[in-house]
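> need a 3D model of the following:
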Amino acid sequence: MTQPNSTVPGANGVPQRDTNANKSNTNKWKEDEARISFHQLNSEKKQIPDTSLHTYHRRPFLQPWYRDLGNLGSPVENLQFTPENRMGPTLGYHVYDVYRFYADSLNYYNTTRPYSVFSYQLGSKLEQMVSLFHTQNIKPNWNFAVEYRKVNSPGFYKLQRTIHDNANLTTNYKSRNLHYELYGAVVYNKFQQDENGGIINDSELLSSQYNDRKTIDVGFQNDNYSTLRSSVSNMQRDFGILLQHSYSWGNVDTTYNSDSTQYYTHLVRRFSITHKMQLGSEKHVYKDILPDSLRYTSLFQQGFNGNFNTGFSTDSVFSQQKWFWIDNRILLNGFVGPSGKQLEFDAGVGNRVDQFNTNYVVSNSSNNILSNYVVGELKKEAIKPGQWFYNASAQLYLTGDAAGDFLVNANAGKDLNNNLGSISAGFKQQLNSVPYSYTIYENQYYKAPVPSYDKESVTQFYATIESPRFNFTAGIRDYVIENYIYINQKEQFAQYTTPFSVTAIWGRKAFRFGKFILDNELCYQQIAGSAPVNVPTLMGRHQLSYEVSLFNRALKLATGVELRYHTAYYCAGYDPFLNRFYYQNSYYLSNEPGGSIFFNFRIKRFRAYLMADQVQEIFTRNTIAAPGYPAQDFMVRFGFAWVLVN
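Numbering: from 1, shown residues only. Below you'll find the model as predicted:
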């Protein structure tokens with residue numbers, strides 16, 4: 001908790017405060033280079049925005065092992081096994097999580113001048129993504145930041161359009177005496193997906209008759225209705241607000257730089273009280289405005305009024321689920337040790353209200369839950385090189401439907417000197433209740449049979465090592481899961497009660513040969529037992545690039561080729577009715593390695609890339625993401641990010 005102050009030597013050689021430090025973004029700051037940093041909530045560790053070129057061309061939402069359904073903005077699954085992240089009452093829809101802004105994981109900025117970033121990406125078939133970001137300090141101790149992102153992609157195949165809107169607003173304020181802090185955030189996410197039901201026949205991908213992929217038949221097409229929009233769609237929308245403020249007691253200290261021309265005032269905290277309030281709402285809507293009875297035979301038998309062949313129907317299939325929640329917690333915080341090496345411990349209580357509702361036209365059902373919980377944490381960050389860091393936290397629900405649910409997390413590590421990196425190891429265990437949407441699925445014609453669930457137990461052990469000096473990263477993670485909640489091959493809710501484990505080992509190493517860089521990344525996974533889990537055993541990515549600086553480092557280039565692959569496996573299927581991935585063991589997926597050619601460059605504050613993606617599809621069949629869902633054809637993508645400093 002430091003407050004920088006520029007100083008100038010006085011007549012007697014004693015540093016004095018420069019009054020410019022008390023000003024906000026004015027034209028008097030324009031002679032200085034902009035300085036921008038950010039930190040996350042409840043962290044003192046400062047970070048700076050990434051401006052690297054090495055991997056700038058990669059799709060931002062699919063790193064490192066994620067895969068979508070062959071269109072930007074479509075549902076995404078992680079090929080490296082990761083259980084759903086849930087604690088306490090939840091709604092339970094997660095296929096768009098990688099695109100979301102989360103109120104409790106946003107960045108909080110500090111900048112000496114107004115700082116903006118305009119980003120744009122364009123791909124074949126009108127794939128577009130635009131992003132606008134702006135932050136500035138209203139005063140040196142008060143910042144705000146706002147960000148908006150738009151995704152629009154009609155796709156290569158019929159009726160798979162996606163439209164996303166994501167926005168967030170953050171602000172952080174610290175009183176001049178450093179005792180009071182406030183953090184605020186607002187997020188909004190909306191995802192719209194036209195469902196085409198997947199292509200009917202994979203063999204058509206190899207036929208020259210279907211070089212235009214929009215001529216391939218799909219499961220939900222009805223040309224009499226529309227050749228551009230599907231009658232079947234999923235929509236997910238959420239809104240969230242976070243407010244955290246605290247008052248700290250302690251002594252204000254002053255630190256000078258080496259030549260005593262600049263000093264920092266900081267508060268050595270000893271005790272604080274924190275109040276954190278969050279509220280949010282989430283809505284999921286499935287809609288089929290022109291239903292076909294054959295489409296739903298795996299779920300229910302129902303005839304629909306109207307003529308499907310003419311594109312007119314008086315019936316529809318509709319299901320809507322809503323979730324609204326408010327969470328309040330009060331924490332008492334204590335601090336031990338000098339500034340920069342403080343051990344923080346806190347404990348508190350929380351209360352939350354959750355309201356769930358399912359609307360299926362002819363009626364609706366609802367569930368209201370009142371919960372109370374306790375929470376505690378012990379934490380020390382590595383603010384400076386060479387320091388140890390460790391964290392231990394726990395949360396336990398005492399009342400409500402989630403009573404007995406808990407989360408325990410502990411990790412420790414050391415930041416190594418001389419840019420050697422860091423090592424860490426940890427443990428995490430949680431007991432989860434089933435999400436609301438797994439306990440009820442209902443439209444006006446059908447109610448899914450739902451089994452009774454036991455609480456799901458997930459235990460995780462992990463260790464990582466990172467070394468920027470040697471361009472090396474490696475890790476191991478082992479999950480032990482009991483009462484696994486999933487969707488089975490019949491596309492029904494189910495629970496696998498037998499304990500099983502999934503182990504993943506990964507590593508990344510970059511070799512430099514002059515101006516050439518060979519970047520290698522591998523992940524190996526092993527499942528113990530016959531659990532209903534779909535993962536490839538081995539995945540890899542290799543990138544060979546030529547990277548150089550020209551014209552007195554004014555122009556930087558990174559150009560090369562990239563190769564991606566995985567071993568054959570029974571991949572997960574995608575269910576558009578449930579808007580989720582499900583376990584299946586009949587479609588054995590074997591893809592050819594995927595490749596791309598890229599050219600990245602940077603001129604001052606302007607970064608751009610030009611990329612030929614899915615190059616392998618010039619010679620072979622499209623990569624398959626899930627049964628019926630192939631990836632795009634060979635395509636050209638272009639993008640840039642332009643940093644503007646006032």
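> helices and strands around the longest strand seen in the chain, which ones?
For the chain, the strand with the greatest residue count under DSSP state E is strand 262-288. Judged by 3 or more CB pairs under 8 Å, 6 or more residues apart in numbering; DSSP states H and E, strand 262-288 is in contact with strand 2-9, strand 232-256, strand 317-336. To be clear about C-beta, it is placed using only N, CA and C from the backbone, and glycine gets the same treatment.
> between these, which one is nearest to I481?
Among these, the nearest to I481 by CB to CB is strand 317-336 (24.7 Å).
> okay, now the sheet partners of the closest one, with direction.
Strand 317-336 pairs in its sheet with strand 262-288 (antiparallel), strand 343-359 (antiparallel), by DSSP bridges.
> please name whichever of these is nearest to S52.
strand 262-288 (28.6 Å).
> buried set for that closest one?
In terms of neighbour count (16 or more other CB atoms under 10 Å), strand 262-288 has its buried residues at 262-263, 265-269, 272, 274, 276, 278-280, 282-288.
> so N189 versus K150, what's the distance?
Going from N189 to K150 by CB to CB, to the nearest Å gives 12 Å.
> now the common contact residues for the two.
Common neighbours of N189 and K150, using CB atoms under 8 Å, 6 or more residues apart in numbering, are H164, D165, N166.
> surely the last one meets Y99?
This means N166. Yes: using CB atoms under 8 Å, N166 is in contact with Y99, at 6.5 Å.
> not counting its neighbours along the chain, what's nearest P75?
Leaving aside its chain neighbours, P75 sits nearest to V95 (3.5 Å; criterion: CB to CB, 6 or more residues apart in numbering).
> how about the secondary structure of the residue nearest the centre of the chain?
Nearest to the mean C-alpha position of the chain, by CA atoms, centre = their mean, lies V98 at 3.6 Å. Three-state call for V98 (DSSP: H, G, I helix; E, B strand; the rest coil): helix.
> enumerate every residue touching it.
F61, L62, Y66, V76.
> hmm, back to that, quick one: closest of the strands paired with strand 317-336 to F638.
Checked against CB to CB, the stretch from the strands paired with strand 317-336 lying closest is strand 262-288, at 33.6 Å.
> quick one: the closest one to strand 232-256, angle?
170 degrees (axes from the mean of the first three to the mean of the last three CA atoms, to 10 degrees).
> what mean pLDDT does strand 262-288 have?
Across strand 262-288, the average pLDDT comes to 91.
> and it, how far from the chain's centre?
Centroid separation for strand 262-288 versus its chain: 18 Å, with CA atoms, centre = their mean, to the nearest Å.
> circling back: which neighbours do N166 and Y99 share?
Joint contacts of N166 and Y99 (CB under 8 Å, 6+ apart) are V151, N189.
> more neighbours: those two, which one.
Y99 (22 against 19; other CB atoms under 10 Å).
> that one and F304, how far apart?
33 Å.
> and if you look at K604?
Distance of K604 to F304, computed by CB to CB: 60 Å.
> next one: W642
On the measure of CB to CB, W642 and F304 end up 51 Å apart.
> which one of those two has more residues nearby?
F304 (19 against 14).
> contacts only, for the more buried one.
Contact partners of F304, counting by CB under 8 Å, 6+ apart, are P291, D292, S293, S313, D315.
> of those residues, which is the most crowded?
Neighbour count (other CB under 10 Å) singles out P291 as the most crowded of those, with 25 neighbours.
> who's in contact with that one?
S231, F304, S313, D315, S316, V317.
> list the contacts for V548?
K515, K556, L557.
> and what of G475?
Y462, A463, T464, I465, I505, W506, G507.
> need the contacts of P291 in TSV (columns: pLDDT and distance to Y569).
Formatted as TSV, these follow (pLDDT from 0 to 100; distance: CB to CB, whole Å):
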residue	pLDDT	distance to Y569
S231	92	33
F304	86	38
S313	59	40
D315	83	39
S316	90	37
V317	92	33
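> in the stretch 251-400 of the chain, what spans have low per-residue confidence?
257-258, 260-261, 306-314 (pLDDT under 70).
> the closest residue in space to K45 that isn't next to it in sequence and K46: what is the separation?
The shortest distance from K45 to any non-neighbouring residue, by CB to CB, 6+ apart, is to E381 (5.6 Å). To K46, E381 is 11 Å away according to CB to CB.
> the two - which one has more neighbours?
Taking neighbours as other CB under 10 Å, E381 and K46 compare with E381 leading, 20 against 11.
> so the more buried one sits against E44, correct?
Yes: here E381 reaches E44: they are 5.9 Å apart, a contact under CB under 8 Å.
> before we move on, the earlier item: between the shared contacts of N189 and K150, which sits nearest G155?
Nearest member of the shared contacts of N189 and K150 to G155, counting by CB to CB, is H164, at 13.4 Å.
> would you map the strands across the stretch 351-500 of the chain?
364-380, 388-397, 406-416, 421-432, 456-467, 472-482, 484-487, 493-496, 500-513 (DSSP state E, counting those that start in this stretch).
> the second one - contacts with which helices or strands?
In this structure, strand 388-397 packs against strand 364-380, strand 406-416, with contacts taken as 3+ CB pairs under 8 Å, 6+ apart.
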